[in-house]
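Colleague: fold the stuff below for me.
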Amino acid sequence: MRSRATAYPLVAVLGWGVMFPILASALDRVDPLNLTTARYLLAAVVLVAILLLREGAGALRHGGRTLEVVVLGVVGFAGFNLLTNLALEHAAPQQVSLFVATTPVITQLVRWARDGVRPKPLLLVLSLVALVGVGLVITRGSLAGLGQFGLGGLMMIGAVLGWAIYTHGASRFGEWTPLRFTTVTALAGTAAMLVLSIAADAVGWQHAPGAADLVAVTPQLAYAVLAGAVIAVLAWNTGVQRLGAANAALFMNLVPVTTFAVQIARGYRPEPVELVGAAITIAALIAANLAARPRTTPLPRSGAVTDPIAVTDPVAVNAR
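Modeller: As a prediction, the model looks like this:
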(Lines give C-alpha, C1' and ligand atoms only; values in the text may rest on other atoms or scores of the structure.)
Protein backbone atom coordinates (compact mmCIF):
# COMPACT_ATOMS: atom_id res chain seq x y z
CA MET A 1 0.00 0.00 0.00
CA ARG A 2 2.84 2.35 0.89
CA SER A 3 4.55 1.65 -2.43
CA ARG A 4 1.40 2.73 -4.24
CA ALA A 5 1.34 5.97 -2.26
CA THR A 6 4.74 6.92 -3.64
CA ALA A 7 3.16 7.27 -7.08
CA TYR A 8 1.46 10.50 -6.00
CA PRO A 9 4.53 12.66 -5.20
CA LEU A 10 6.33 11.03 -8.11
CA VAL A 11 3.64 12.24 -10.52
CA ALA A 12 3.85 15.71 -8.98
CA VAL A 13 7.62 16.20 -9.19
CA LEU A 14 7.84 14.79 -12.70
CA GLY A 15 5.17 17.28 -13.75
CA TRP A 16 7.05 20.17 -12.16
CA GLY A 17 10.39 19.13 -13.61
CA VAL A 18 8.94 19.17 -17.13
CA MET A 19 7.26 22.52 -16.53
CA PHE A 20 10.38 24.71 -16.32
CA PRO A 21 11.49 24.15 -19.93
CA ILE A 22 7.89 24.57 -21.05
CA LEU A 23 7.50 27.91 -19.27
CA ALA A 24 10.88 29.07 -20.60
CA SER A 25 9.71 28.43 -24.16
CA ALA A 26 6.59 30.56 -23.59
CA LEU A 27 8.62 33.59 -22.52
CA ASP A 28 9.54 34.21 -26.17
CA ARG A 29 5.98 35.41 -26.78
CA VAL A 30 4.64 36.60 -23.40
CA ASP A 31 6.36 38.67 -20.71
CA PRO A 32 7.05 36.92 -17.36
CA LEU A 33 4.55 38.88 -15.30
CA ASN A 34 1.73 38.49 -17.79
CA LEU A 35 2.51 34.80 -18.29
CA THR A 36 2.43 34.14 -14.54
CA THR A 37 -0.78 36.12 -14.11
CA ALA A 38 -2.53 34.34 -16.98
CA ARG A 39 -1.46 30.97 -15.61
CA TYR A 40 -2.78 31.59 -12.12
CA LEU A 41 -5.97 33.31 -13.21
CA LEU A 42 -6.86 30.09 -15.02
CA ALA A 43 -5.59 27.84 -12.22
CA ALA A 44 -7.51 29.85 -9.60
CA VAL A 45 -10.75 29.31 -11.52
CA VAL A 46 -10.17 25.55 -11.55
CA LEU A 47 -9.18 25.43 -7.86
CA VAL A 48 -12.19 27.51 -6.78
CA ALA A 49 -14.51 25.27 -8.78
CA ILE A 50 -13.08 22.15 -7.11
CA LEU A 51 -13.26 23.75 -3.66
CA LEU A 52 -16.89 24.81 -4.13
CA LEU A 53 -17.83 21.31 -5.24
CA ARG A 54 -16.03 19.60 -2.36
CA GLU A 55 -16.36 21.99 0.57
CA GLY A 56 -18.89 24.65 -0.38
CA ALA A 57 -18.74 28.45 -0.49
CA GLY A 58 -17.99 28.69 3.23
CA ALA A 59 -14.49 27.34 2.59
CA LEU A 60 -13.62 30.57 0.78
CA ARG A 61 -13.96 32.56 4.00
CA HIS A 62 -10.77 33.48 5.82
CA GLY A 63 -12.09 32.92 9.33
CA GLY A 64 -10.62 36.14 10.68
CA ARG A 65 -7.17 35.40 9.22
CA THR A 66 -7.31 37.62 6.15
CA LEU A 67 -4.02 39.42 6.81
CA GLU A 68 -2.17 36.13 7.26
CA VAL A 69 -3.72 34.65 4.12
CA VAL A 70 -2.90 37.71 2.02
CA VAL A 71 0.71 37.94 3.23
CA LEU A 72 1.36 34.25 2.61
CA GLY A 73 -0.37 34.35 -0.77
CA VAL A 74 1.64 37.36 -1.91
CA VAL A 75 4.99 36.08 -0.56
CA GLY A 76 4.42 32.50 -1.67
CA PHE A 77 2.35 32.31 -4.82
CA ALA A 78 3.02 35.77 -6.27
CA GLY A 79 6.60 36.16 -5.04
CA PHE A 80 7.82 32.69 -5.93
CA ASN A 81 6.16 32.35 -9.31
CA LEU A 82 6.91 35.86 -10.53
CA LEU A 83 10.56 35.66 -9.51
CA THR A 84 10.89 32.19 -11.05
CA ASN A 85 9.51 33.30 -14.40
CA LEU A 86 11.71 36.40 -14.32
CA ALA A 87 14.71 34.21 -13.49
CA LEU A 88 13.98 32.02 -16.52
CA GLU A 89 14.84 35.03 -18.66
CA HIS A 90 18.34 35.11 -17.14
CA ALA A 91 19.08 31.46 -16.28
CA ALA A 92 18.58 28.10 -17.97
CA PRO A 93 15.69 25.89 -16.79
CA GLN A 94 18.09 23.28 -15.37
CA GLN A 95 19.78 25.95 -13.26
CA VAL A 96 16.44 27.23 -11.96
CA SER A 97 15.34 23.69 -11.10
CA LEU A 98 18.42 23.15 -8.95
CA PHE A 99 17.57 26.20 -6.88
CA VAL A 100 13.99 24.95 -6.51
CA ALA A 101 15.25 21.62 -5.17
CA THR A 102 16.77 23.43 -2.17
CA THR A 103 13.30 24.41 -0.91
CA PRO A 104 13.03 21.69 1.80
CA VAL A 105 16.41 22.64 3.25
CA ILE A 106 15.66 26.39 3.17
CA THR A 107 12.35 25.67 4.88
CA GLN A 108 14.25 24.12 7.78
CA LEU A 109 16.43 27.23 8.00
CA VAL A 110 13.35 29.48 8.03
CA ARG A 111 11.93 27.37 10.83
CA TRP A 112 15.18 27.92 12.73
CA ALA A 113 14.99 31.69 12.24
CA ARG A 114 11.33 32.04 13.17
CA ASP A 115 10.79 29.32 15.77
CA GLY A 116 14.26 28.81 17.16
CA VAL A 117 14.24 25.13 16.15
CA ARG A 118 17.92 24.63 15.35
CA PRO A 119 18.64 22.22 12.48
CA LYS A 120 21.34 19.63 12.83
CA PRO A 121 24.87 20.91 12.03
CA LEU A 122 25.08 18.22 9.35
CA LEU A 123 22.11 19.85 7.60
CA LEU A 124 23.94 23.17 7.39
CA VAL A 125 27.09 21.53 6.01
CA LEU A 126 25.11 19.60 3.40
CA SER A 127 23.28 22.79 2.43
CA LEU A 128 26.62 24.44 1.65
CA VAL A 129 27.69 21.39 -0.35
CA ALA A 130 24.46 21.62 -2.36
CA LEU A 131 25.14 25.28 -3.14
CA VAL A 132 28.65 24.36 -4.32
CA GLY A 133 27.02 21.90 -6.74
CA VAL A 134 24.66 24.62 -7.99
CA GLY A 135 27.67 26.88 -8.49
CA LEU A 136 29.42 24.25 -10.61
CA VAL A 137 26.38 23.96 -12.86
CA ILE A 138 25.99 27.71 -13.31
CA THR A 139 29.69 28.53 -13.79
CA ARG A 140 30.57 25.25 -15.55
CA GLY A 141 33.55 24.98 -13.23
CA SER A 142 35.18 28.25 -14.30
CA LEU A 143 35.72 31.29 -12.09
CA ALA A 144 35.04 33.38 -15.18
CA GLY A 145 31.52 31.99 -15.10
CA LEU A 146 30.70 33.60 -11.76
CA GLY A 147 29.17 36.49 -13.66
CA GLN A 148 26.54 34.09 -15.01
CA PHE A 149 25.11 33.74 -11.50
CA GLY A 150 23.94 37.34 -11.71
CA LEU A 151 20.36 38.46 -11.57
CA GLY A 152 18.76 35.09 -12.31
CA GLY A 153 20.46 33.43 -9.34
CA LEU A 154 19.55 36.28 -7.00
CA MET A 155 15.93 36.08 -8.14
CA MET A 156 15.83 32.35 -7.43
CA ILE A 157 17.29 32.84 -3.96
CA GLY A 158 14.47 35.31 -3.29
CA ALA A 159 11.91 32.96 -4.84
CA VAL A 160 12.96 29.95 -2.77
CA LEU A 161 13.11 32.03 0.42
CA GLY A 162 9.61 33.35 -0.23
CA TRP A 163 8.28 29.84 -0.78
CA ALA A 164 10.00 28.59 2.37
CA ILE A 165 8.28 31.35 4.39
CA TYR A 166 4.98 30.38 2.78
CA THR A 167 5.58 26.72 3.59
CA HIS A 168 6.39 27.52 7.20
CA GLY A 169 3.22 29.62 7.46
CA ALA A 170 1.17 26.77 6.05
CA SER A 171 1.83 24.70 9.17
CA ARG A 172 -0.29 27.18 11.15
CA PHE A 173 -3.43 26.27 9.22
CA GLY A 174 -3.75 22.72 10.46
CA GLU A 175 -7.52 23.01 10.80
CA TRP A 176 -7.91 23.81 7.09
CA THR A 177 -7.78 21.22 4.34
CA PRO A 178 -4.86 21.49 1.90
CA LEU A 179 -7.32 22.30 -0.89
CA ARG A 180 -8.82 25.20 1.05
CA PHE A 181 -5.48 26.71 2.08
CA THR A 182 -4.06 26.35 -1.42
CA THR A 183 -7.11 27.95 -3.03
CA VAL A 184 -7.53 31.00 -0.78
CA THR A 185 -3.82 31.83 -0.77
CA ALA A 186 -3.68 31.30 -4.53
CA LEU A 187 -6.52 33.80 -4.90
CA ALA A 188 -4.63 36.37 -2.81
CA GLY A 189 -1.44 35.80 -4.76
CA THR A 190 -3.25 35.96 -8.10
CA ALA A 191 -4.85 39.29 -7.16
CA ALA A 192 -1.38 40.69 -6.38
CA MET A 193 -0.02 39.38 -9.69
CA LEU A 194 -2.90 40.96 -11.60
CA VAL A 195 -2.35 44.37 -9.99
CA LEU A 196 1.40 44.22 -10.66
CA SER A 197 0.92 43.13 -14.27
CA ILE A 198 -1.55 45.93 -14.98
CA ALA A 199 0.86 48.47 -13.45
CA ALA A 200 3.82 47.05 -15.39
CA ASP A 201 1.86 47.22 -18.65
CA ALA A 202 0.78 50.80 -17.89
CA VAL A 203 4.32 52.11 -17.33
CA GLY A 204 5.77 50.17 -20.26
CA TRP A 205 7.86 47.74 -18.24
CA GLN A 206 6.19 44.95 -20.18
CA HIS A 207 3.54 44.76 -22.86
CA ALA A 208 0.13 43.14 -22.63
CA PRO A 209 0.11 40.06 -24.89
CA GLY A 210 -1.99 40.13 -28.02
CA ALA A 211 -4.47 37.45 -29.01
CA ALA A 212 -1.92 35.88 -31.35
CA ASP A 213 0.63 35.64 -28.53
CA LEU A 214 -1.84 33.95 -26.19
CA VAL A 215 -2.85 31.50 -28.90
CA ALA A 216 0.82 30.73 -29.55
CA VAL A 217 1.46 29.81 -25.90
CA THR A 218 -1.82 27.97 -25.36
CA PRO A 219 -0.12 24.53 -25.17
CA GLN A 220 2.37 25.81 -22.57
CA LEU A 221 -0.38 27.46 -20.52
CA ALA A 222 -2.57 24.37 -20.71
CA TYR A 223 0.24 22.22 -19.34
CA ALA A 224 1.27 24.72 -16.65
CA VAL A 225 -2.32 25.14 -15.45
CA LEU A 226 -3.70 21.61 -15.64
CA ALA A 227 -0.61 19.46 -15.08
CA GLY A 228 1.53 21.88 -13.06
CA ALA A 229 -0.98 23.72 -10.91
CA VAL A 230 -3.96 21.35 -10.58
CA ILE A 231 -3.07 17.68 -11.10
CA ALA A 232 0.34 18.09 -9.46
CA VAL A 233 -1.19 19.92 -6.49
CA LEU A 234 -3.71 17.19 -5.83
CA ALA A 235 -1.16 14.42 -6.37
CA TRP A 236 1.36 16.10 -4.07
CA ASN A 237 -1.13 16.73 -1.26
CA THR A 238 -2.37 13.16 -1.47
CA GLY A 239 1.18 11.86 -1.31
CA VAL A 240 2.00 14.01 1.72
CA GLN A 241 -1.10 12.77 3.52
CA ARG A 242 -0.19 9.14 2.89
CA LEU A 243 3.59 9.27 3.28
CA GLY A 244 4.17 12.28 5.53
CA ALA A 245 5.81 15.55 4.51
CA ALA A 246 9.36 14.42 5.33
CA ASN A 247 9.14 11.30 3.16
CA ALA A 248 7.35 13.05 0.31
CA ALA A 249 9.94 15.85 0.32
CA LEU A 250 12.62 13.40 -0.79
CA PHE A 251 10.93 13.28 -4.19
CA MET A 252 11.72 16.99 -4.65
CA ASN A 253 15.23 16.02 -5.64
CA LEU A 254 13.86 14.47 -8.83
CA VAL A 255 12.80 17.91 -10.12
CA PRO A 256 16.25 18.90 -11.48
CA VAL A 257 16.84 15.36 -12.76
CA THR A 258 13.64 15.60 -14.80
CA THR A 259 14.46 19.09 -16.07
CA PHE A 260 17.95 18.02 -17.14
CA ALA A 261 16.47 15.01 -18.95
CA VAL A 262 13.99 17.21 -20.81
CA GLN A 263 16.70 19.67 -21.82
CA ILE A 264 18.96 16.87 -23.04
CA ALA A 265 16.07 15.40 -25.04
CA ARG A 266 15.61 18.83 -26.64
CA GLY A 267 19.23 18.82 -27.80
CA TYR A 268 21.10 20.38 -24.88
CA ARG A 269 24.49 18.76 -24.27
CA PRO A 270 25.70 19.40 -20.72
CA GLU A 271 29.39 19.53 -19.99
CA PRO A 272 30.79 16.90 -17.60
CA VAL A 273 31.28 19.48 -14.85
CA GLU A 274 27.56 20.36 -15.04
CA LEU A 275 26.59 16.74 -14.53
CA VAL A 276 29.03 16.48 -11.62
CA GLY A 277 27.59 19.64 -10.08
CA ALA A 278 24.02 18.41 -10.48
CA ALA A 279 24.95 15.05 -8.93
CA ILE A 280 26.63 16.78 -5.97
CA THR A 281 23.59 18.99 -5.40
CA ILE A 282 21.07 16.17 -5.60
CA ALA A 283 23.12 13.85 -3.37
CA ALA A 284 23.62 16.59 -0.78
CA LEU A 285 19.92 17.49 -0.78
CA ILE A 286 18.86 13.86 -0.37
CA ALA A 287 21.28 13.49 2.54
CA ALA A 288 20.06 16.77 4.04
CA ASN A 289 16.44 15.69 3.79
CA LEU A 290 17.26 12.38 5.45
CA ALA A 291 19.13 14.22 8.22
CA ALA A 292 16.18 16.57 8.78
CA ARG A 293 13.54 13.84 8.92
CA PRO A 294 11.88 13.40 12.30
CA ARG A 295 11.72 9.98 13.86
CA THR A 296 8.87 8.07 12.36
CA THR A 297 5.85 7.24 14.45
CA PRO A 298 2.97 4.90 13.61
CA LEU A 299 0.21 6.59 11.68
CA PRO A 300 -3.22 6.92 13.29
CA ARG A 301 -5.82 4.56 11.94
CA SER A 302 -7.48 7.44 10.12
CA GLY A 303 -4.36 7.79 7.96
CA ALA A 304 -3.85 11.42 8.97
CA VAL A 305 -0.25 12.55 9.10
CA THR A 306 0.95 14.13 12.33
CA ASP A 307 4.04 15.57 10.71
CA PRO A 308 4.16 19.18 12.01
CA ILE A 309 6.29 20.57 9.20
CA ALA A 310 4.82 21.01 5.74
CA VAL A 311 7.55 20.74 3.11
CA THR A 312 6.29 21.59 -0.33
CA ASP A 313 7.25 22.16 -3.92
CA PRO A 314 7.48 25.67 -5.47
CA VAL A 315 4.36 25.06 -7.49
CA ALA A 316 2.12 23.18 -5.03
CA VAL A 317 1.62 23.81 -1.35
CA ASN A 318 0.60 21.40 1.37
CA ALA A 319 -0.95 22.75 4.53
CA ARG A 320 -1.53 20.65 7.57
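Colleague: check which residues of the longest helix along the chain are buried.
Modeller: In the chain, taking DSSP state H as the definition, the longest helix is helix 178-203. Of all the residues in helix 178-203, those buried under the rule 16 or more other Cβ atoms under 10 Å are 178-194, 196-197, 200-201. Using the backbone N, CA and C atoms, a C-beta is placed for each residue, glycine as well.
Colleague: got it, and stretch 45-54?
Modeller: 47, 48, 50, 51.
Colleague: ok, which stretches of the stretch 101-250 of the chain are helices?
Modeller: Using DSSP state H, counting those that start in this stretch, the helices assigned to the stretch 101-250 of the chain run over residues 103-115, 121-139, 150-170, 178-203, 211-216, 218-222, 232-243, 245-249.
Colleague: residue 116: neighbour count?
Modeller: Neighbours of residue 116 under the rule other Cβ atoms under 10 Å: 7.
Colleague: low pLDDT regions in the chain?
Modeller: Low-confidence segments of the chain, defined by pLDDT under 70, are located at 1-3, 140-150, 237, 241, 244-250, 289, 292-320.
Colleague: dump the buried residues of stretch 45-54 into JSON lines; add distance to residue 254 and secondary structure as well.
Modeller: Formatted as JSON lines, the buried residues of stretch 45-54 follow (distance: Cβ to Cβ, whole Å; DSSP: H, G, I helix; E, B strand; the rest coil):
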{"residue": "47", "distance to residue 254": "24", "secondary structure": "helix"}
{"residue": "48", "distance to residue 254": "30", "secondary structure": "helix"}
{"residue": "50", "distance to residue 254": "26", "secondary structure": "helix"}
{"residue": "51", "distance to residue 254": "28", "secondary structure": "helix"}
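Colleague: give me every residue that touches the spatially closest residue to residue 31 that is not a sequence neighbour.
Modeller: Take residue 31 and drop its neighbours on the chain: the residue closest to it by Cβ to Cβ, 6 or more residues apart in numbering is residue 206, 3.7 Å away. For residue 206, the contact set (Cβ atoms under 8 Å, 6 or more residues apart in numbering) comprises 31, 32, 33, 34, 197, 200.
Colleague: swap in residue 179?
Modeller: Counting by Cβ under 8 Å, 6+ apart, residue 179 touches 47, 50, 51, 54, 55, 59, 234, 237.
Colleague: between the residues you listed, which is closest to residue 173?
Modeller: residue 59 (12.2 Å; Cβ to Cβ).
Colleague: how far away is the closest one from residue 180?
Modeller: 5 Å (Cβ to Cβ, to the nearest Å).
Colleague: what do you get for residue 128?
Modeller: Note on residue 128: its distance to residue 180, by Cβ to Cβ, is 37 Å.
Colleague: what of residue 55?
Modeller: For residue 55, the distance to residue 180 equals 6 Å [Cβ to Cβ].
Colleague: same question for residue 206.
Modeller: Here the criterion is Cβ to Cβ. By it, residue 206 lies 33 Å from residue 180.
Colleague: next one: residue 23
Modeller: The gap separating residue 23 from residue 180 is 27 Å, by Cβ to Cβ.
Colleague: so residue 118 makes contact with residue 112?
Modeller: Yes. With contacts counted by Cβ atoms under 8 Å, residue 118 reaches residue 112, the gap being 5.6 Å.
Colleague: ok, back up a step: biggest separation within the buried residues of stretch 45-54, which pair?
Modeller: Spanning the widest gap among those are 48 and 50, at 7.4 Å by Cβ to Cβ.
Colleague: returning to that earlier point: which stretch among the helices of the stretch 101-250 of the chain comes nearest residue 68?
Modeller: Closest approach to residue 68 among the helices of the stretch 101-250 of the chain (Cβ to Cβ): helix 150-170, 7.0 Å.
Colleague: how close does the closest residue to residue 127 other than its chain neighbours get to residue 228?
Modeller: Excluding the flanking residues, the one nearest residue 127 by Cβ to Cβ, 6+ apart is residue 105, at 5.0 Å. Using Cβ to Cβ, residue 105 is found at 22 Å from residue 228.
Colleague: got it, and residue 275?
Modeller: Counting by Cβ to Cβ, the separation of residue 275 from residue 228 is 26 Å.
Colleague: more neighbours: which of those two?
Modeller: residue 228 (25 against 14).
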